[in-house]
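In: sequence-free structure coming up:
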């Protein structure tokens with residue numbers, strides 16, 4: 001088989017550092033990885049090449065794994081060798097030419113092209129049908145308000161949470177039920193992993209390099225879930241955030257690890273939600289006092305009594321905006337008195353406004369559990385929601 005690298009780059013150059021490259025006239029660093037051809041199947045080589053990378057031979061699948069691992073091109077787990085056919089299939093499904101610009105990372109002005117992103121998606125295990133979600137999530141991640149460089153280089157160790165809405169969930173088999181925040185299905189597992197692999201290989205976000213994380217959490221392997229839209233009367237997250245009903249979408253958020261809560265002893269919406277509020281307040285006390293995007297995941301057993309009482313997602317957000325807040329002086333109770341100073345009575349809200357809460361209906365049908373997913377660092381980064389395969393704010397063509 002042949003292993004592919006960026007044009008004009010030798011293995012030694014990659015190990016020592018990334019020379020600048022140009023794509024579509026934009027200066028910046030280009031990704032390391034391209035595709036692999038399996039030598040025994042000569043039929044694969046009859047197709048006219050559409051990808052632009054040079055190839056290097058390796059003996060077999062095992063050799064390909066060692067080739068990738070030894071050069072730091074993985075997340076520590078085995079990868080799917082990205083054949084040219086597999087990469088092209090992703091691009092064809094998304095109707096993207098290889099050189100299409102997905103976006104430019106705002107701080108370092110690094111471009112990301114469809115071909116490079118598709119390679120990493122294949123490596124993560126994505127099928128062609130998964131690639132539009134990956135591409136759209138990356139477009140959202142590169143919006144200035146998401147602050148991708150800060151999110152991925154901080155010592156704080158957040159991951160990128162992706163939440164999928166709309167018909168695409170059913171098309172790709174994304175499961176919003178059992179084990180929703182873990183290994184619930186193939187689609188969410190590989191899509192979340194693709195986001196991380198692309199960060200590693202396209203933006204050099206490696207531990208000890210750009211990534212200065214002190215601890216991190218397992219969401220940095222994969223952190224993706226689908227909303228259980230069929231199991232709730234609430235509006236989907238994407239609709240709450242302004243997209244039309246029926247449009248497939250993905251929301252990305254710089255997120256810490258989920259904090260699980262439990263309340264099986266009441267059906268009163270206020271009491272159920274007070275448990276969520278208490279966990280949000282605990283995060284303010286123990287981690288960061290500053291407000292930002294929080295996500296809460298509400299499974300069916302807790303969700304149904306709230307729905308029966310007529311509460312909407314907006315009602316939940318307004319309740320938690322009022323209840324999830326702490327006095328700065330409370331930091332003194334958890335060993336942080338040195339930074340309270342003369343501001344002990346100042347009130348800090350977990351949410352800058354009710355609009356900052358992401359309410360997600362997901363999880364298995366039984367069990368009085370829920371999850372609070374805190375933000376990375378207050379309002380420095382903002383969640384971004386983007387439509388998949390549709391332009392919802394484009395002007396019609398003139399003339």
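Out: Looks like it arrived, so ask away. No experiment lies behind these values; they were computed from the predicted model shown.
In: now do the helices in the stretch 101-250 of the chain.
Out: Chain-ordered helices for the stretch 101-250 of the chain, with DSSP state H, counting those that start in this stretch as the definition, fall at 114-124, 131-141, 148-153, 168-172, 186-202, 237-240.
In: so which of the ones you listed is the most packed in?
Out: Mean neighbour counts were compared across the helices of the stretch 101-250 of the chain using mean count of other CB atoms under 10 Å; the top stretch is helix 114-124, at a mean of 29. Bear in mind the C-beta positions are built from the backbone N, C-alpha and C, glycine included.
In: from the middle of its chain, how far away would that helix be?
Out: Averaged C-alpha coordinates place helix 114-124 at 15 Å from its chain's average position (CA atoms, centre = their mean, to the nearest Å).
In: so residue 321 makes contact with residue 315?
Out: No: at 10.7 Å, residue 321 and residue 315 do not qualify as touching, with contact defined as CB atoms under 8 Å.
In: ok, those two, which is more surrounded?
Out: Set residue 321 next to residue 315 and count neighbours by other CB atoms under 10 Å: residue 321 wins out with 20 against 16.
In: please name the residues that touch that one.
Out: Shown in contact with residue 321 (CB atoms under 8 Å, 6 or more residues apart in numbering): 349-351, 353-354, 357.
In: cool, and residue 237?
Out: For residue 237, the contacting residues are 163, 165, 227, 251, 358-360, 385, by CB under 8 Å, 6+ apart.
In: how far away is it from residue 228?
Out: The spacing between residue 237 and residue 228, counted by CB to CB, to the nearest Å, is 11 Å.
In: residue 50 now?
Out: Distance from residue 50 to residue 228, counting by CB to CB: 39 Å.
In: neighbours of residue 368, how many?
Out: By the criterion of other CB under 10 Å, residue 368 has 16 neighbours.
In: not counting its neighbours along the chain, what's nearest it?
Out: Excluding the flanking residues, the one nearest residue 368 by CB to CB, 6 or more residues apart in numbering is residue 264, at 3.2 Å.
In: can you give me every residue that contacts the one you found?
Out: Taking CB under 8 Å, 6+ apart, we find residue 264 in contact with 301, 367-368.
In: same deal with residue 72?
Out: If you count contacts by CB under 8 Å, 6+ apart, residue 72 has them with 200, 206.
In: wait, is it part of a helix?
Out: No: with DSSP: H, G, I helix; E, B strand; the rest coil as the criterion, residue 72 is located in coil rather than a helix.
In: state the distance from residue 329 to residue 165.
Out: To residue 165, residue 329 is 40 Å away according to CB to CB.
In: so those two - more neighbours on which side?
Out: Neighbour comparison, residue 329 and residue 165: the larger count goes to residue 165, with 28 against 14 (by other CB under 10 Å).
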